[in-house]
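J.: okay, structure incoming, though there's no sequence with it:
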């Protein structure tokens, strides 16, 4: 009997790990000249559009009789962010330990629906009585009277009850309900070194601790006292095309009594001061002020003590990355072609013959396309942001300050956005196998919802919010540099750069779409003939 | 020797009248061929149907989403009802792009150019057929959008009784908006055709077309200077072309509605010229 020995190739078996697959896919990408050139063109487009938006954004101001100058930047708060800091302050110095207690019996207001007033006219003429939701009156301890100083305050508000706020971003709710003579609000701030505690009470006997703020570096002699301020009247109707907010400045008047001081108060008498900068949209100092009659103080002020929004001040840093859309379109086109070109040229047969596990091929392609688009996006963003910032500053635009970590998130997030969009495109290309339809589906899914959401007057605002919440366009939230604050009434719309989802949550929506498309693409990839 | 008379006959130069007739016959044949190609492939028919349905659907959704509880909102009923064109144009662009790039990917173009060696004629026939298909799709989509918008908007109180523009084709400016939107879709088809003839690849062509359409408004939104923004809007094929839909507050537009459509027409003509030149100069 002869023994039949099966044929064995004398050659060593080739490696068949994921690494070789990756290498194969990388070789396919690298050696198609059009794709590499396309990626380079995309990088240049991102930078070029950044240069275009930077050059096309001039900002200048001219006061009467003075030369044209760059737009001034708003004051910067202790946290490094831009702030609005305008109010009427009835103050006196406070030593390192002490407390101030007041009873607030009334908060009233006046507001203009007609925008600013004409010169020489009584600013209060024609104003409507009424408080704004965030009109505020209360007591404050602040490092100095300079705008943007560290502070902690207890206040009654138009429709958000008693609040303790500090350093512009801190905000804690106290007692609910509106203040009136029948239901007054007692407020107390105590200072012990750098720590400020805020208390409220309905009767001046039973006190509740609302919050504690630590103001690092509060000077030994701070300023403390009563204040009143009211942000302007704004209409943000949810109709169509109401991107331009109407409104005008407003005045808040608080009535205080039962004012008592404990601890070190070196001066012993009250002085009034209007805290305001040139760019604040507040009423003139002439209509603000305070009156003292017996133990009763009436304080009227205009302005706000709050973080500044991006729309009315300067340029947010993500405006330098407008070109990311061009990069996105390029990433989508390349992502789709990375798969459809194999089908068109018949290379897919060789690919699957060499690596019969098709899911791994798709995974390798996804890794390669994600890596190359991420690197291209990163290079583009790293160049576009400083170049764009330089041009914006040169054209007189103040740029909203952001922390280094936020900047990293915006730059790396933009690159990651391109990478995940490329993977989504690859998956949709695998599903549809038709280049034009796949490219259109992805671009219509990512860019079009964003476009409809930011261009004013196209969609109702409810639909805008919904579009940037559920479609892949939600991922553009990763570029948002300035957070929306609940204690500020503003038009927080996608058109103004505010997204309904948090940055990473928005990005996760795109990742979810990409994962879903990849999973869906697996079925036909396995089942269909090549 | 018997073949000589025949050869002589074939070499005779035809009279001028015959040349014109031959040209007409060639044009008719080319048109017929392009129409057959469009008709007998399943894709374009379904895509155009989807374009019409999505255009009307998105328009109806936008009209249904209009809420103006306080009244006094600046609502342009025609523009709202025709919001769907933003999406519909992308699908019309696919049909136009694949009419050219599809031939390159299958190799059909060699046969087409062998049958009709006058390449300008091929492009003209494609433009005529794709433009006509877009016009027909657009007419259906716009009519459905206007009808749906009229019903839904009046349900939300956006009626002439409340001071809004009447949404009826009898109204001159609404008719201009509707007819302009149909023309807009046809011009998008021509733009796509021209770009695809110049680029030949489906994915890159559609990427370029959608980039041209969608990038300008995004960039304009990020540019701070009002003068720059205005210029960008004036040269943007989509933004300017869409001005034809405006029926209220025309003075605030950077261009008159008809001029806006003219800008898109200029882009389409430019793309067709570029594509035609590439088609004539390059090897198939």
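T.: Yep, it's here. Just so it is clear, the structure is predicted and the values come from calculations on it, not from any experiment.
J.: show the contacting residues for residue 219.
T.: The chain I'm using is chain A. A:143, A:144 (Cβ atoms under 8 Å, 6 or more residues apart in numbering or on different chains). Quick note: C-beta positions are derived from backbone N, CA and C, even for glycine.
J.: was after chain B, sorry
T.: Contacts of residue B:219 (Cβ under 8 Å, 6+ apart): A:49, A:52, A:53, A:322, A:323, A:325, B:232.
J.: what about it, which SS state?
T.: Put simply, residue B:219 is helix when judged by DSSP: H, G, I helix; E, B strand; the rest coil.
J.: reformat the contacts of residue B:219 as a markdown table; add pLDDT and distance to residue A:157.
T.: Below are the contacts of residue B:219 laid out as a markdown table (pLDDT from 0 to 100; distance: Cβ to Cβ, whole Å):
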| residue | pLDDT | distance to residue A:157 |
| --- | --- | --- |
| A:49 | 91 | 43 |
| A:52 | 88 | 43 |
| A:53 | 87 | 38 |
| A:322 | 88 | 37 |
| A:323 | 89 | 42 |
| A:325 | 89 | 40 |
| B:232 | 88 | 42 |
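J.: which one of those residues is nearest residue A:492?
T.: Minimum distance to residue A:492 across the contacts of residue B:219 is 20.1 Å, recorded for residue A:322 (Cβ to Cβ).
J.: pretty sure the closest one is in contact with residue A:51, am I right?
T.: No: between residue A:322 and residue A:51 there is no contact under Cβ atoms under 8 Å: 10.4 Å.
J.: neighbour-wise, which of these two wins?
T.: Neighbour tally, residue A:322 and residue A:51, criterion other Cβ atoms under 10 Å in any protein chain shown: the higher count belongs to residue A:322, 24 against 17.
J.: just for the chain, where's the confidence low?
T.: You didn't say which chain, so I picked chain A. A:1, A:13-16, A:62-66, A:114-121, A:235-246, A:278-279, A:310-313, A:456-458, A:460-461 (pLDDT under 70).
J.: oops, wrong one, chain B.
T.: For chain B, applying pLDDT under 70 flags the ranges B:1-19, B:22-23, B:67-74, B:161-163.
J.: now the stretch 101-250 of chain B against chain A: closest residue?
T.: Residue of the stretch 101-250 of chain B nearest chain A, by Cβ to the nearest Cβ: residue B:224 (3.0 Å).
J.: in stretch B:87-107, what counts as buried?
T.: For stretch B:87-107, a neighbour-count test (16 or more other Cβ atoms under 10 Å in any protein chain shown) marks B:87-105 as buried.
J.: before we move on, the earlier item: out of the contacts of residue B:219, flag the one nearest to residue A:480.
T.: Distances from residue A:480 to these, taken by Cβ to Cβ, are shortest for residue A:322, at 13.9 Å.
J.: and chain A, what are its domains?
T.: A:18-56+A:314-481+A:491-527, A:83-307 (automatic domain parsing).
J.: out of the ones you listed, nearest to residue B:273?
T.: Among the domains of chain A, domain A:18-56+A:314-481+A:491-527 comes nearest to residue B:273, with 22.3 Å by Cβ to Cβ.
J.: run a quick neighbour tally on residue A:223.
T.: So residue A:223, with other Cβ under 10 Å, has 21 neighbours.
J.: do the same with the one 4 residues further on
T.: Using other Cβ under 10 Å, residue A:227 is surrounded by 27 other residues.
J.: that one belongs to a strand?
T.: Yes: note on residue A:227: a strand contains this position according to three-state DSSP.
J.: name the residues of the stretch 151-284 of chain B found near chain A, please.
T.: B:201-207, B:210-211, B:214-215, B:217-219, B:221-225, B:228-229, B:232 (Cβ under 8 Å from any Cβ of the partner chain).
J.: so where do the helices sit in chain B?
T.: B:3-11, B:16-40, B:42-65, B:77-81, B:85-106, B:108-115, B:119-155, B:172-199, B:202-222, B:226-235, B:237-242, B:257-281 (DSSP state H).
J.: which of those sits closest to residue A:316?
T.: helix B:202-222 (9.8 Å).
J.: how far out from the middle of the chain is that closest one?
T.: 15 Å (Cα atoms, centre = their mean, to the nearest Å).
J.: same question for stretch B:220-240.
T.: Worked out by Cα atoms, centre = their mean, stretch B:220-240 lies 22 Å from the chain centre.
J.: who's in contact with that stretch?
T.: A:52-53, A:56-59, A:315, A:319, A:322, A:397, A:454-455, A:495, B:89, B:191, B:212-214, B:216-217, B:219, B:254-255, B:259-261, B:263-264, B:267.
J.: make it 6 Å
T.: Counting by Cβ atoms under 6 Å, 6 or more residues apart in numbering or on different chains, stretch B:220-240 makes contact with A:53, A:56-58, A:319, A:322, A:454, B:212-213, B:216-217, B:254-255, B:260, B:263-264, B:267, all of which sit outside it.
J.: which residues does residue A:431 contact?
T.: So residue A:431 contacts residue A:521 (Cβ under 6 Å, 6+ apart).
J.: from residue A:513, how far off is it?
T.: Look at residue A:431 and residue A:513: by Cβ to Cβ, to the nearest Å, they are 12 Å apart.
J.: what do you get for residue B:47?
T.: Taking Cβ to Cβ, one finds residue B:47 at 22 Å from residue A:513.
J.: do residue B:233 as well
T.: 31 Å.
J.: for residue 48, give me its contacts.
T.: Looking at chain A here, since you left the chain open. Here residue A:48 is in contact with no residues (criterion: Cβ under 6 Å, 6+ apart).
J.: actually, chain B is the one I wanted.
T.: By Cβ under 6 Å, 6+ apart, the contact set of residue B:48 is residue B:137.
J.: equivalent analysis for residue A:71, please.
T.: A:59, A:61, A:396, A:398.
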